[in-house]
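When you get a sec, could you give me coordinates for this:
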Amino acid sequence: MLYDGGKILTGLGVFLAAALLPFWHNAVAGKKPRPEPKLVTTETRCVQPKDVMRASHMALLDRWRDEVVRQGVRTTTTADGRVLEMSLTNGCLTCHPNKKEFCDACHNYLAVTPYCWQCHVERKEKAS
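I've put the predicted structure just below:
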């Protein structure tokens, strides 16, 4: 026999309800539509394929930072043979010049605050 079985079952029920609350909330509230960052470039190729860049661009930028700052390596060769400057300002931002419409679109959606702009100066947005 279970002593205090009612209390134990009540406690389990409260625990399960609390543990499953985020899943219920997402099911009821629905998902926000994925952001579509605006590309303002005529370039058709990025450093890596789009799915790789979406998933791991921060790891790439961290690796570039370490190679440039700590080892003095300034260029990289892509899989298709292009030689590119490893630079946020002179590399990435040439194809993605509008931080607000490109970078911030996804970073705000995911509620992340990258530390790129602690060292890099944000370009002024061009008036359209």
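
Would you mind listing the buried residues in stretch 25-41?
Pro37 (16 or more other C-beta atoms under 10 Å). The C-beta positions use only the backbone N, C-alpha and C, and glycine is treated the same way.

quick one: contacts for Cys95?
With contact taken as C-beta atoms under 8 Å, 6 or more residues apart in numbering, Cys95 is in contact with Leu39, Val40, Thr41, Glu43, Cys46.

how close does the first one sit to Cys103?
Put plainly, it is Leu39. As for Leu39, its distance to Cys103 is 12 Å (criterion: C-beta to C-beta, to the nearest Å).

Next step: the contacts of Cys95 restricted to helices.
Per DSSP state H, helices hold no members of the contacts of Cys95.

Now the two most distant members of these.
Maximum pairwise distance among the contacts of Cys95 (C-beta to C-beta): 13.5 Å, between Val40 and Cys46.
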